[in-house]
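[1] please work out how this folds:
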Amino acid sequence: MPELGLKKVTWREWLGLAAGLLALVALFLPWTTLSASRPEIEDVLTSLPADDVTRDAWGSGFLAWAPLFLLLLPGIAVVLFGRVDAVRRAGLPHLWLMTAIGALLLMALGWLTLDWQFDADQRGIFSAAGIEIGAGLGRYLGLLAAVASGVVAFLDVRFLRK
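    Numbering: from 1, shown residues only. As a prediction, the model looks like this:
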């Protein structure tokens, strides 16, 4: 059985794990936020419970939390099994790249459907009150993790071909 020493893990694989861990952190940060341009509405929003104004990935729906797991799982897999030649030749770098691309596509879809977390009545009230539905810090960090994982996975696939 091949040795699975952590000293043999490449920088690409460590970056893949780091991107996955960043995605894990992003799960718990604000993912969707409500804001208003009018001061009186903003005062009302600040007086509401935080869960009513901001949502983490868990409260923002499938298109928020699922892509983050698509980044975390391959990040763990490449560190654990990336040095096993049979697993690498069987396509682990390619699987990593495809999951990173899938995560990016799901995140883009989630970004495009950001306001669908709220029903039509709520969106109408928000529009009338001048409340905007926006992306929180977690969404940006999740996107950063997906891009980083995709770039590093692409480099790992290129390295495999050499």
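[2] go ahead and flag the most central residue of the protein.
    residue 142 (3.1 Å; Cα atoms, centre = their mean).
[3] buried ones in the longest helix seen in the chain?
    Selection of the longest helix in the chain by residue count, based on DSSP state H, yields helix 137-161. Neighbour-count burial for helix 137-161 flags 138-139, 141-143, 145-146, 148-150, 152-157 (criterion: 16 or more other Cβ atoms under 10 Å). Bear in mind the C-beta positions are built from the backbone N, C-alpha and C, glycine included.
[4] same check, this time on stretch 39-59
    Buried positions in stretch 39-59, judged by neighbour count with 16+ other Cβ under 10 Å: 41, 45, 53, 54, 55, 56, 57.
[5] closest one to residue 119 out of those, please.
    Residue 119 has its nearest neighbour among the buried residues of stretch 39-59 in residue 55, at 14.5 Å by Cβ to Cβ.
[6] could you measure from that closest one over to residue 89?
    Distance from residue 55 to residue 89, counting by Cβ to Cβ, to the nearest Å: 42 Å.
[7] how close does residue 156 sit to residue 16?
    8 Å.
[8] swap that for residue 61, please
    26 Å.
[9] now the common contact residues for residue 156 and residue 16.
    Taking Cβ atoms under 8 Å, 6 or more residues apart in numbering as the contact rule, the neighbours common to residue 156 and residue 16 are 78, 96.
[10] can you list the low-confidence ranges for this structure?
    When the per-residue scores of the chain are filtered using pLDDT under 70, the ranges that remain are 1-7.
[11] how about residue 139, nearest residue that isn't a chain neighbour?
    Once flanking residues are discounted, residue 139 sits nearest to residue 31: 5.2 Å by Cβ to Cβ, 6 or more residues apart in numbering.
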